[in-house]
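Colleague: The following comprises the amino acid sequence and a computationally predicted model.
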Amino acid sequence: MSFRYSIKKNTDTKTYICFKPTESDNLDAIKLLLEDDDKINIYPNDEDVNPNSYKNLSAYIYRIIKHSQFLCKGLNPEYILDSFDNVDAIVIIGSSMDLLPNGNIFGFALINFNEERNSIYIDIICSHIGIQGAGDMLINEIQHISKKLLITEIYLNSVKGAIPFYEKYGFIKGEKLSDNMTVMKKSMKTAKGLKKRKTNKQKKSRKIKKTRKNLRSK
């Protein structure tokens, strides 16, 4: 078994989000809400200060993928390069040092915000093959972003082999796109409701057991 370094308890790890520059102001409210969050670091991409940060960061990630076998193994680098142009932001799990010019990137996800559906679509999610826990951290951070923004649904397209991983986090299977591709969805409201109903059910069960015990002792 190959050794994999776990980052789950690594205090030097940070979560970054870098927004793609856009002429519209549809992402401004999202940026403002996340700027006040202690867990999420907005990667500098202010057009007045650093107009090329998104472009430089995506190019850096692309070079890592293309010239190494450690990040996004099995995915076509050209497909990922095209995806950078079609998403709203990159969520990155990385080292606490500045990502550019040579900071460590343990994993990243490309996401879109859908205002009409009040949802986040995960277009790509991948991690360093030598790092344990980066994929889990990315899912947790995207869920944290969803809660912060009061987003009610997260969805993605998953290959067959990755379905159990997403089910572990409460995603359920939706439309089957092909023999090896299925839509996975997670309702943030449903997850909360299910937890509440489960807790109430457990409390009711304990109450019934206690009542029966008291009746038998009389």
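Modeller: Happy to help now that I have it.

Colleague: What are the boundaries of the helices in this structure?
Modeller: Applying DSSP state H to the chain gives helices spanning 28-35, 53-67, 77-84, 134-148, 163-167, 188-217.

Colleague: Quick one: mean pLDDT for the fifth one?
Modeller: When pLDDT is averaged over helix 163-167, the result is 95.

Colleague: thinking again about what came up before, lowest average confidence across the helices of the chain, which one?
Modeller: Set side by side, those give their lowest mean pLDDT on helix 188-217, at a mean of 51.

Colleague: right, and Leu27 touches Asp88 too?
Modeller: Yes. Here Leu27 reaches Asp88: they are 6.1 Å apart, a contact under CB atoms under 8 Å. For the C-beta atoms, the positions are set from N, CA and C on the backbone; glycine is no exception.

Colleague: Compare the two and say which is more crowded by neighbours.
Modeller: Just comparing Leu27 and Asp88: by other CB atoms under 10 Å the higher neighbour count belongs to Asp88, 19 against 15.

Colleague: ok so, going back, what's the overlap in contacts for Leu27 and Asp88?
Modeller: Common neighbours of Leu27 and Asp88, counting by CB atoms under 8 Å, 6 or more residues apart in numbering, are Phe19, Phe113.

Colleague: Tell me who's in contact with Ile30.
Modeller: With CB under 8 Å, 6+ apart, Ile30 has these contacts: Phe19, Phe113, Leu149.

Colleague: can you list those residues in TSV and add pLDDT and neighbour count?
Modeller: Output for the contacts of Ile30, formatted as TSV (pLDDT from 0 to 100; neighbours: other CB atoms under 10 Å):
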residue	pLDDT	neighbour count
Phe19	93	20
Phe113	96	21
Leu149	94	16
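
Colleague: dump the residue contacts of the nearest residue to Lys20 once chain neighbours are set aside.
Modeller: Counting by CB to CB, 6 or more residues apart in numbering, Lys20 lies nearest to Tyr54, which is 5.1 Å off, once chain neighbours are set aside. Residues in contact with Tyr54 (CB under 8 Å, 6+ apart) are Cys18, Phe19, Lys20, Pro21, Asn45, Ile90.

Colleague: Touching, the third one and Leu110? I think so.
Modeller: No. With contacts counted by CB under 8 Å, Lys20 stays clear of Leu110, the gap being 9.6 Å.

Colleague: higher neighbour count, those two?
Modeller: Neighbour tally, Lys20 and Leu110, criterion other CB under 10 Å: the higher count belongs to Leu110, 22 against 18.

Colleague: gap between that one and Asp12?
Modeller: Distance of Leu110 to Asp12, given as CB to CB, to the nearest Å: 24 Å.

Colleague: How about Pro44?
Modeller: Taking CB to CB, one finds Pro44 at 20 Å from Asp12.

Colleague: One more: Asn52?
Modeller: 26 Å.

Colleague: who has more neighbours, Pro44 and Asp12?
Modeller: The residue with more neighbours, out of Pro44 and Asp12, is Pro44; 14 against 10, by other CB under 10 Å.

Colleague: surely the more buried one meets Asn56?
Modeller: No. At 10.5 Å, Pro44 and Asn56 do not qualify as touching, with contact defined as CB under 8 Å.

Colleague: re earlier: just the ones of the contacts of Ile30 in strands?
Modeller: Phe19, Phe113 (DSSP state E).
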